[in-house]
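1. only geometry, no sequence info:
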């Protein structure tokens, strides 16, 4: 383990030998960091909370936690997690492989997140949200969990299905289902379920078209969706091969 | 006083004996921290500014300031303040008891905030905002203070009355009055005063209904508002007793 | 050079003699900080990235970087840069004189920014954005760069011309031109170019009026725009003189 200056690493933390930890970091006791992972400066890992029920924070192998990020104990991440700077994740969230969390994102805990999910900057994810695989969430989007705030009787996170896209500054209301390969437009407010392969826009969001009717603006006369046809950066070869075949 | 590693505490700061201060903190001179309070890691308290006119930062007793938070000098908080991580509060704001500030909130100073006000994450409060008691503000909501930006002639914060609720990603324009027990819907833009006990939605926000017409989605056939009838978590017993009686 | 406690300053960084650096700071090697500049606590300057192509971070003279801010290497700022707390700027952005960046702003890099541009809090600027001189961006506004996210084929930042104003919580879609002296209303979604000297509002944003038809709410019966007629705080005398003359 390589550690920068002024970092405070609890001796009970389980940290693989080749992990690199920056300066000014705080690593609490109830943490597992797997091999190949880098933790940058000013991070806090495994912040203790009784709400975690004693579960550790688990950071999968080959992860990159950028500076000023904060993870509570009790959440678990597969391999290849990467964060922007100042990401915050609370307790009891589980995520699959290659989760990308943007700068300033705020994941409130108790969420289920699949593989290859990508958030850009400053996304807010309420407790109880469920995100399946290959979901994209763009800057300043908000997923809520309270149908008539404040209440403690009927809270429910949104459920976002495979390959769905939530655009910048959109807001998704409590308990809604956002279908696979759907598109929520920028600044939209989603107030009812979104059907798979449809695009919705507006406040409140209304059906605009089937996603395959949106054309790529590269002059190629090809559809922009499903995005899996043309956007492959950073995904494993076998997955891209499957996408191309489809 | 219990202090973690690498913290810089000015000897002129007035800190009660049982206060706990984490690691990597900076406490400037013009600060009063009352008994029973915990300051977590990486916080800055009492950041000096000439705009504070020499007034101290006062943190009431039994408060919890979570990590990476930043308070300028010249603001004053009653007992039981709690913040999420990375909260920022500038000078000359006064708040009553049990103010809850969410993660990433940005309070620009010169605000008046009542008792038992609760902000969720990433709320922006412009200078000169006035919030009465029991106000709720949900994630990514914005209160502005400039009717035709930029200008320095006629700035005015919004005024939010008792028990009003501002939902996620909403924006309230300068100088408006948001009536007691009213509800501003998610992603709404409030462009005129909101009457007490009414719900408004949209861009621009329009009257939707009386709040008592919104039903709890728990199958009970009870109204969701006033929320004081069913939501009591964390409020003092005597207040809850009064709410139930009403 | 004056440096606080626990700061880590690379000996290869080029720092003018009278620069003040706070405590808990990290200054990497590939940095130039010019005279008269103050760097507050917990900042990171010159964070290394291969994407910067070896270019340094250049902070012009008489700048003020407030606490917890983070600058990657490869960006360059003219004199009089000032930031709020927790600003983040990635690589290969260039900005002119007197750029003001608000609290929590997130500039994603590869942007061109003119002179006297001012951002308030929590503004998100996508890669490739171009901002001319005297542009104003208000809290929680978002500039995007992807016309059908996610894609890597046709990304393009917005271009914002002189004196244009983007109000709070607005979102500007990819590749659009926002004309000089125009006004984008709060919570608006801009989906097409905005003509100079016009005001647009709504989701999607529509033409509302010529900006000079919006009156100052100070009872003076004067127009609120161009704002250069009445708002002069912090601008150089010779520029203000020119504005008054016009």
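-> Noted; the coordinates are in hand. Computed from a prediction, not measured in an experiment: that's the story for all the values here.
2. Would you map the helices across chain A?
-> Assignment of helices within chain A using DSSP state H yields the ranges A:237-245.
3. Does chain C have contacts with the helix or strand bottoming out on mean pLDDT in it?
-> Within chain A, confidence by mean pLDDT, DSSP states H and E is lowest for helix A:237-245 among all helices and strands, at a mean of 95. No: residues of helix A:237-245 contacting chain C under CB under 8 Å from any CB of the partner chain: none, with a closest distance of 12.8 Å. All C-beta spots, glycine's among them, are computed from the backbone N, C-alpha and C.
4. What are the buried residues along that helix?
-> Within helix A:237-245, the residues that qualify as buried are residue A:243, counting by 16 or more other CB atoms under 10 Å in any protein chain shown.
5. same thing with stretch A:15-22?
-> By 16+ other CB under 10 Å, the buried positions in stretch A:15-22 come out as A:15, A:19, A:21-22.
6. do stretch A:215-231 as well
-> For stretch A:215-231, by 16+ other CB under 10 Å, it's A:216-217, A:223-228, A:230-231.
7. List just the nearest of these to chain B.
-> Chain B lies nearest to residue A:225 out of those, by CB to the nearest CB, at 23.5 Å.
8. Just the pLDDT at that closest one, thanks.
-> Here the pLDDT value assigned to residue A:225 is 98.
9. Report the separation between it and residue C:29.
-> Going from residue A:225 to residue C:29 by CB to CB, to the nearest Å gives 44 Å.
10. Likewise for residue A:75?
-> Relative to residue C:29, residue A:75 is positioned 34 Å away (CB to CB).
11. between the two, who's got more neighbours?
-> The residue with more neighbours, out of residue A:75 and residue C:29, is residue A:75; 25 against 14, by other CB atoms under 10 Å in any protein chain shown.
12. my guess is the more buried one contacts residue A:92, does it?
-> Yes: proximity of residue A:75 to residue A:92 meets the contact threshold set by CB atoms under 8 Å, at 6.3 Å.
13. shared neighbours of these two, anything?
-> Residues touching both residue A:75 and residue A:92 (CB atoms under 8 Å, 6 or more residues apart in numbering or on different chains): A:52, A:109.
14. Do you know the pLDDT at the closest residue to residue A:31 other than its chain neighbours?
-> Sequence neighbours aside, residue A:46 is the residue nearest to residue A:31 in space, at 3.7 Å (criterion: CB to CB, 6 or more residues apart in numbering or on different chains). Residue A:46 carries a pLDDT value of 98.
15. Ok, residue A:219 next?
-> The model's pLDDT for residue A:219 equals 89.
16. how near is it to chain C?
-> Residue A:219 is 9 Å from chain C, where distance means CB to the nearest CB, to the nearest Å.
17. Ok, residue A:158 next?
-> For residue A:158 relative to chain C (CB to the nearest CB), the value is 18 Å.
18. Ramachandran angles for that residue?
-> Torsion angles at residue A:158 (phi, psi; degrees, to the nearest 10) stand at phi -80, psi 160.
19. Contacts only, for it.
-> Contact partners of residue A:158, counting by CB under 8 Å, 6+ apart, are A:126, A:129-130, A:143-145, A:172-178, A:190.
20. need the residues you listed in a markdown table with neighbour count and pLDDT, can you?
-> Formatted as a markdown table, the contacts of residue A:158 follow (neighbours: other CB atoms under 10 Å in any protein chain shown; pLDDT from 0 to 100):
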| residue | neighbour count | pLDDT |
| --- | --- | --- |
| A:126 | 27 | 98 |
| A:129 | 25 | 98 |
| A:130 | 17 | 98 |
| A:143 | 32 | 98 |
| A:144 | 29 | 98 |
| A:145 | 23 | 98 |
| A:172 | 31 | 98 |
| A:173 | 24 | 98 |
| A:174 | 23 | 98 |
| A:175 | 18 | 98 |
| A:176 | 20 | 98 |
| A:177 | 19 | 98 |
| A:178 | 27 | 98 |
| A:190 | 27 | 98 |
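21. wait, which of the residues you listed is closest to residue A:39?
-> Set against residue A:39, the nearest of these by CB to CB is residue A:129 (25.3 Å).
22. Surely residue A:52 and residue A:72 touch.
-> Yes: between residue A:52 and residue A:72 a contact is recorded at 6.6 Å, counting by CB under 8 Å.
23. When these two are compared, which one has more neighbours?
-> For residue A:52 versus residue A:72, neighbours defined as other CB under 10 Å are more numerous around residue A:72 (25 against 20).
24. hang on, the more buried one packs against residue A:91?
-> Yes: if you go by CB under 8 Å, residue A:72 and residue A:91 touch, sitting 4.5 Å apart.
25. Residues that sit against both of the two, list them.
-> Residues touching both residue A:72 and residue A:91 (CB under 8 Å, 6+ apart): A:49, A:52, A:109.
26. Among the residues you listed, which one sits closest to residue B:211?
-> Residue B:211 has its nearest neighbour among the shared contacts of residue A:72 and residue A:91 in residue A:109, at 29.4 Å by CB to CB.
27. and that closest one, how many neighbours does it have?
-> Neighbours of residue A:109 using other CB under 10 Å come to 21.
28. In contact with it: list those residues for me.
-> So residue A:109 contacts A:51, A:72, A:74-75, A:89-93, A:127 (CB under 8 Å, 6+ apart).
29. again, but for residue A:110
-> Counting by CB under 8 Å, 6+ apart, residue A:110 has contacts A:90-93, A:127-128.
30. Can you check the pLDDT for the residue nearest to it when sequence neighbours are not counted?
-> The shortest distance from residue A:110 to any residue other than its chain neighbours is 4.3 Å, reached at residue A:127 (CB to CB, 6+ apart). What the model reports as pLDDT for residue A:127 is 98.
31. sorry, back to before: what separation is there between the residue nearest to residue A:31 and residue A:74?
-> Residue A:46 is 9 Å from residue A:74, where distance means CB to CB.
32. Tell me the residues of chain A that contact chain B?
-> Counting by CB under 8 Å from any CB, the residues of chain A close to chain B are A:6, A:8, A:24, A:26, A:42, A:44, A:47, A:68, A:70, A:86, A:88, A:104, A:106, A:108, A:122, A:124, A:126, A:140, A:142, A:144, A:146-154, A:169, A:171, A:173, A:187-189, A:203-204.
33. Please indicate which of these are buried?
-> Buried members of those, scored by 16+ other CB under 10 Å, are A:6, A:8, A:24, A:26, A:42, A:44, A:47, A:68, A:70, A:86, A:88, A:104, A:106, A:108, A:122, A:124, A:126, A:140, A:142, A:144, A:146-151, A:153-154, A:169, A:171, A:173, A:187-189, A:203-204.
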